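*Asks:* Give me a model of this one.
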Amino acid sequence: MPGTPLSVVEQVIRASWSAASCDPVDEPWSPENPAKGQCGVTALVLQDHLGGELVMAEVLMVDGSRQGVHYWNRLPGGEVVDLTREQFVGGEVVQEPGGVVDRPDDITRGRLYGQYVALATRVREGLARLGAAA
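*Replies:* Numbering: from 1, shown residues only. Below is the predicted model:
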């Protein structure tokens, strides 16, 4: 929710990552690398609470092969926030952003929905426990 400090939203998001919110492409999820597979849903949930834009870039392996894509946020004031960049280890290199991407019109379809609901619910509950937002 607008007005909740970034530091509080970040703390709750990080504590809310789980196997249920992990992108199946990046499974298995592990507490040793909790940000792994969380970038898309994290960017959406952060946008839910703080607004701003979604940013995307390709991720390549050091040999140039494509690993996938990575999402993060640009807040309304222009601050760039990437809560999941640390997931990339072992030769994965995030490229320069391809630009701002539109939020999906309908996240209630496809594999993203379950991940999004899992993370959004845990974050909403965590913020409510802190009295930060409902």
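*Asks:* could you show me where the helices are in the chain, in order?
*Replies:* Using DSSP state H, the helices of the chain run over 6-16, 39-50, 111-130.
*Asks:* between those, which gets nearest to residue 22?
*Replies:* Closest to residue 22 of the helices of the chain is helix 111-130 (Cβ to Cβ; 7.0 Å). Glycine gets a C-beta too; all of them are placed from N, C-alpha and C.
*Asks:* Could you pull up the residues touching the spatially most central residue of the chain?
*Replies:* For the chain, the residue nearest the mean C-alpha position is residue 42 (2.1 Å; Cα atoms, centre = their mean). Under the criterion of Cβ atoms under 8 Å, 6 or more residues apart in numbering, the neighbours of residue 42 are 13, 17, 35, 71, 83, 84, 119.
*Asks:* From residue 27, how far off is residue 61?
*Replies:* To residue 27, residue 61 is 18 Å away according to Cβ to Cβ, to the nearest Å.
*Asks:* And for residue 85?
*Replies:* Residue 85 is 19 Å from residue 27, by Cβ to Cβ.
*Asks:* ditto for residue 57
*Replies:* 22 Å.
*Asks:* These two: who's more crowded?
*Replies:* Per other Cβ atoms under 10 Å, whichever of residue 57 and residue 27 has more neighbours is residue 57, with 17 against 11.
*Asks:* Do I have it right that that one meets residue 94?
*Replies:* Yes: applying Cβ atoms under 8 Å, one finds residue 57 in contact with residue 94, separated by 5.5 Å.
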